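Chemist: After the sequence you'll find the predicted model.
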Amino acid sequence: MTTPYPAVRPGELHLWWLTVPPAGTDTETAARLLDPQQRERAARLNRPLHRHRKIMAHAGLRVLLAGHLGTRPSEVRLRRAACPACGGPHGRPYAAGGHGLEFSMAHAGDGVLYAFARGPVGVDVESDAVPARTARTVAGWLPAAQRRGLDVLPEPDRLRAFLGCWVRTEAYLKGIGTGLAHGVGAAQDASADPAWHFVDVEVPEGFTAAAAVSDRALPMPAGSSPAHLRTLTRRLTSASIIAAAEPARTREGRAMRDTDPGGRAGPRESAGEHQNPLPDELRTAVGRPPRALVAEIASWPAPRRFAAPEADEPADDERTHAVRADAVRADDEPADDERTHAVRADAGIRLTPRPRTRR
């Protein structure tokens, strides 16, 4: 069931924070909300933890979009606008039928930040656990004015200031639609761009985040300046993602039953578990035999493997012959073949006896 969320109005910035839970069985459940392309991209990640975080982040985005659009998470259709720099299909993402609702998503470690507005918007979040060497390298990509400002700071304050500059820069690049694909050159004058507003987002300890919102998201009466931006912050729980994915799992199971109404699909094998193939052979031969008979056959023990006989011990054929010679069957007791045929006849199954071969 889709949970409706408050409508995003002009002049509002809705921010959501998700703390990704540890990897577990919820990963497969949440993945049911993704479309095939998203599942394929997640499958390309080699590390299970990275796959888990990506799946949960995108599943959360679908849950939020579904709540705003009044649809199911699995039915949200994501598209990409054209890149304003090259015209390629890698611009700002949008949801089909969104009616002007814009969004942006960023994740770092176990933290995910979502933003929704009625105009172009971008967000970025970074972990504070950035090595100093990496910070110095990436700081070289920032505009010259920002680099000079960082150089005059003491070393302990430089990392925090760098993260603040970087999240604003990347949020702006996401907002205009180029992202990092064309470098940070487009963000040279981002802080001085009057058409964009920057918000330092309050996030849990250990992260730094910022949002960039275009003036197009703000109501602007004729002849006046843009209205003040109102920011609303909420938390998205992982439990709400799993709850939204449960109906998807139910529909998926129902679809499997519809495509296999007779239940003839073979059972799945667990890792290291031997499956008795005989019930499947019976299903193939006679359709659906009585459950009691299938259960009885499935419970038969597997053939034993005997050790090689000792030098003075009779071979299997000799020992079997001696045992059969000593066994006396009553005159009124049916033979094995007759008794087996009678049981199968009562069960409504007709099988052709296999010819016996001597071992």
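Modeler: Yep, it's here.

Chemist: just the helices in the stretch 101-250 of the chain please.
Modeler: With helices called from DSSP state H, counting those that start in this stretch, the stretch 101-250 of the chain shows them at 132-139, 144-151, 155-176, 238-259.

Chemist: Please identify the most buried of these.
Modeler: helix 155-176 (a mean of 21; mean count of other CB atoms under 10 Å). No exception for glycine: its C-beta is placed from N, CA and C like everyone else's.

Chemist: Gly185: which of the helices of the stretch 101-250 of the chain is closest?
Modeler: helix 155-176 (9.8 Å; CB to CB).

Chemist: Using PDB, list the CA coordinates for that closest one.
Modeler: Taking Å, rounded to 0.1, in the frame of the first residue of the first chain, the C-alpha atoms of helix 155-176 are listed here in PDB:
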ATOM      1  CA  GLU A 155      44.700  22.000   8.600                       C
ATOM      2  CA  PRO A 156      42.100  20.900  11.200                       C
ATOM      3  CA  ASP A 157      39.500  23.300   9.600                       C
ATOM      4  CA  ARG A 158      40.400  22.600   6.000                       C
ATOM      5  CA  LEU A 159      38.600  19.300   5.700                       C
ATOM      6  CA  ARG A 160      35.300  20.600   7.000                       C
ATOM      7  CA  ALA A 161      35.500  23.600   4.800                       C
ATOM      8  CA  PHE A 162      36.400  21.500   1.700                       C
ATOM      9  CA  LEU A 163      33.400  19.200   2.300                       C
ATOM     10  CA  GLY A 164      31.100  22.200   2.500                       C
ATOM     11  CA  CYS A 165      32.400  23.600  -0.800                       C
ATOM     12  CA  TRP A 166      32.300  20.300  -2.500                       C
ATOM     13  CA  VAL A 167      28.700  19.300  -1.600                       C
ATOM     14  CA  ARG A 168      27.500  22.800  -2.700                       C
ATOM     15  CA  THR A 169      29.400  22.400  -6.000                       C
ATOM     16  CA  GLU A 170      28.000  18.900  -6.800                       C
ATOM     17  CA  ALA A 171      24.500  19.900  -5.700                       C
ATOM     18  CA  TYR A 172      24.600  22.800  -8.200                       C
ATOM     19  CA  LEU A 173      25.900  20.600 -11.000                       C
ATOM     20  CA  LYS A 174      23.100  18.100 -10.400                       C
ATOM     21  CA  GLY A 175      20.600  20.900 -10.300                       C
ATOM     22  CA  ILE A 176      21.600  22.300 -13.700                       C
END
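
Chemist: Let the chain start at 23 from now.
Modeler: Got it, first residue is 23 now, which makes that one helix 177-198.

Chemist: hmm, back to that, to Val147, which of the helices of the stretch 123-272 of the chain lies closest?
Modeler: Of those, nearest to Val147 by CB to CB is helix 177-198, at 6.7 Å.

Chemist: what's the angle from the closest one to helix 166-173?
Modeler: Angle of helix 177-198 versus helix 166-173, following axes from the mean of the first three to the mean of the last three CA atoms, to 10 degrees, is 160 degrees.

Chemist: what's helix 177-198 packed up against?
Modeler: In terms of contacts (3 or more CB pairs under 8 Å, 6 or more residues apart in numbering; DSSP states H and E), helix 177-198 is packed against strand 124-130, strand 143-149, helix 154-161, helix 166-173, strand 218-223, strand 229-236.

Chemist: which stretch among these comes nearest Tyr194?
Modeler: Taking CB to CB, strand 229-236 is the member of the helices and strands packed on helix 177-198 nearest to Tyr194, at 4.5 Å.

Chemist: In CSV, list the helices of the stretch 123-272 of the chain along with distance to Ala139 and mean pLDDT.
Modeler: Below are the helices of the stretch 123-272 of the chain laid out as CSV (distance: least, CB to CB, whole Å; pLDDT from 0 to 100):
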stretch, distance to Ala139, mean pLDDT
helix 154-161, 27, 87
helix 166-173, 25, 86
helix 177-198, 9, 91
helix 260-281, 22, 68
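
Chemist: which stretch among those helices comes nearest Gly119?
Modeler: So among these, helix 260-281 is nearest, using CB to CB, at 18.6 Å.

Chemist: Give me the buried positions along stretch 34-48.
Modeler: Buried residues in stretch 34-48, counted by 16 or more other CB atoms under 10 Å: 34-40, 42-43, 48.

Chemist: okay, the helices of the stretch 123-272 of the chain in JSON lines with distance to Arg69 next?
Modeler: Formatted as JSON lines, those follow (distance: least, CB to CB, whole Å):
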{"stretch": "helix 154-161", "distance to Arg69": "19"}
{"stretch": "helix 166-173", "distance to Arg69": "32"}
{"stretch": "helix 177-198", "distance to Arg69": "23"}
{"stretch": "helix 260-281", "distance to Arg69": "20"}
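
Chemist: Ala209 is nearest to which of these?
Modeler: Here helix 177-198 is closest among the helices of the stretch 123-272 of the chain (CB to CB), at 4.7 Å.

Chemist: got the angle between the closest one and strand 218-223?
Modeler: 130 degrees.

Chemist: and the angle for helix 177-198 with strand 124-130?
Modeler: Angle, helix 177-198 to strand 124-130, by the same axes, to 10 degrees: 150 degrees.
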